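# From the sequence below, what's the structure:
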Amino acid sequence: MLTRPLFIGHEIYRGSSYGRWHPLRVPRVSTTMDLSRALGWLPPAAFVTSPRAKPAALHAWHTPSYVAALQAAEDAQAVSAEIRARHHIGTVSNPVYPEIFRRPATAAGGSILAGELLARGGVVYNPAGGTHHGMPDRANGFCYLNDPVLAMLSLRHHGARRIAYVDIDAHHCDGVAAAFHGDEDVLMISVHEENLWPRTGLLQDDAGGSALNLPVPRGLNDSEMAHIREALILPAVAGFAPDAVVLQCGADAVTEDPLAHLDLSNSAHWAIVAALKPLTPRYLVLGGGGYNPWSVGRLWTGVWGTLNGQDIPDRVPAEAEELLRRLEFKGHRLGRNPPEHWFTTLRDAPRDGPLRPSIVDRVAVLRRRWQQAGERWQRA
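Have a look, this model is predicted:
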């Protein structure tokens, strides 16, 4: 069993960008690594350099022709119209960029390695992971590969039969749902903004009996997420008694994200990270969405601190503040006049609010479904 949480990262993420105007032009993983080190939370012994997944490992979920197309696109820095139509690479959402194969293959390699590292138990964090939209034969929603699926297959290969997958990204995990549709040994719980791309994961969609999908209205606040956590996520995962939990901790559900419309503070995410940890012998936490460099870096750094039992300081040390002040968000109004607390602290102010009946009712529907499943989802 691992004696301490491990952080999987790589220098490939430093300076890699999907392009000047793409939402993923901002630094995320490198900021998380740098802030974690500046806070004294990431000693060398806790850091693991991510390997790049070889094509054969990617073929566990992705087709050989698609993997080959990604490699060819990186080499040529272009794709044909036929490849674009077939594999959805070279589009506005999924552009060709210099590391189009190496970067996602490195994130996938980290998640596959995590399954091996967790064979005897422990905690692993791979913030570069969480690309939950990738499909077997095509890119989808900024995701060229689906590392959560590959991570879960790796966990299974190394002895974890029952896996709970919890996804708190603002977008529904359509790729993971496709991979484990109807799988009796997987419980997928997704909390996502309703009517937001990819517009899947409806309340009535149970992924063949494997999922609890909770679409939430705009403006989801901390009080509502606390209700979801306590009334749905934790009892369902505890009842499932998984051999492993994979948490996709996308940072796009916070107020400052430019692509979603939810109103959470980063403390809502950290509370879920902490609460799931004692429910499983194997715990893998992944990144995901998040398109504001300050909100993502602060949130994901706090995830790492939470996994290590660190107190979140009221004010970050000078080195961390300097890092945050150096960040830029070119081409977006949020980068023009950032508020001072984005530079000086990790923790957002609480964003509590009323508990809307629509959320209470939807949680109740899913609780009844979970309870009616009986032995299907609950171990004695």
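# For the rest of this, base every contact and every neighbour count on C-alpha atoms.
Fine.
# quick one: strands adjacent to the longest strand along the chain?
In the chain, taking DSSP state E as the definition, the longest strand is strand 186-193. Applying DSSP bridges to the sheet, strand 186-193 is found paired with strand 163-167 (parallel), strand 211-216 (parallel).
# JSON lines please, covering these and showing distance to Val124 and mean neighbour count.
Written out in JSON lines, the entries for these read as follows (distance: least, C-alpha to C-alpha, whole Å; neighbours: other C-alpha atoms under 10 Å):
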{"stretch": "strand 163-167", "distance to Val124": "15", "mean neighbour count": "25"}
{"stretch": "strand 211-216", "distance to Val124": "24", "mean neighbour count": "25"}
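# among the ones you listed, which is nearest Pro357?
strand 211-216 (11.4 Å; C-alpha to C-alpha).
# Can you tell me what sits against the closest one?
177, 187-194, 201-206, 359, 362-363, 366, 370 (C-alpha atoms under 8 Å, 6 or more residues apart in numbering).
# In the longest strand of the chain, which residues are buried?
Of the residues in strand 186-193, those scored as buried under the neighbour-count criterion (16 or more other C-alpha atoms under 10 Å) are Val186, Leu187, Met188, Ile189, Ser190, Val191, His192, Glu193.
# So for the spatially closest residue to the second one that is not a sequence neighbour, what pLDDT did the model give?
Of all residues beyond its chain neighbours, the one nearest Leu187 is Ala164 (4.7 Å), with distances taken as C-alpha to C-alpha, 6 or more residues apart in numbering. According to the prediction, Ala164 has pLDDT 98.
# dump the residue contacts of Ala164.
Taking C-alpha under 8 Å, 6+ apart as the definition, contacts of Ala164 comprise Val186, Leu187, Met188, Ile189, Val237, Phe240, Pro242, Ala244, Val245, Val246.
# ok, of these, which one's closest to Pro217?
The nearest one, if we look at the contacts of Ala164 relative to Pro217 and count by C-alpha to C-alpha, is Ile189, at 16.7 Å.
# List the contacts of that closest one.
When contacts are counted by C-alpha under 8 Å, 6+ apart, Ile189 is found next to Ala164, Tyr165, Val166, Asp167, Ala211, Leu212, Asn213, Leu214, Ile233.
# Identify the farthest-apart pair in the residues you listed.
In terms of C-alpha to C-alpha, the contacts of Ile189 reach their longest pairwise distance at Ala164 and Leu214, which sit 15.4 Å apart.
# which strands and helices sit next to the helix or strand encompassing Val123?
Take DSSP states H and E as the rule and Val123 turns out to sit in strand 122-126. Using 3 or more C-alpha pairs under 8 Å, 6 or more residues apart in numbering; DSSP states H and E as the contact definition, the elements that strand 122-126 packs against are strand 6-9, helix 102-117, strand 282-286.
# What count of nearby residues applies to Ala274?
Neighbourhood size, Ala274 [other C-alpha atoms under 10 Å]: 15.
# From Ala108, how far out is the nearest residue to it once chain neighbours are set aside?
Nearest non-adjacent residue to Ala274, counting by C-alpha to C-alpha, 6+ apart: Thr306, 6.4 Å away. For Thr306, the distance to Ala108 under the criterion C-alpha to C-alpha, to the nearest Å works out to 23 Å.
# Would you agree Ile112 is in contact with Ala151?
Yes - in this structure, Ile112 is within contact of Ala151 by C-alpha atoms under 8 Å, at 4.8 Å.
# So for the longest strand of the chain, mean pLDDT?
98.
# Equivalent analysis for stretch 334-342, please.
The average pLDDT within stretch 334-342 is 93.
# in it, what's buried?
Buried residues in stretch 334-342, counted by 16+ other C-alpha under 10 Å: Leu334, Trp342.
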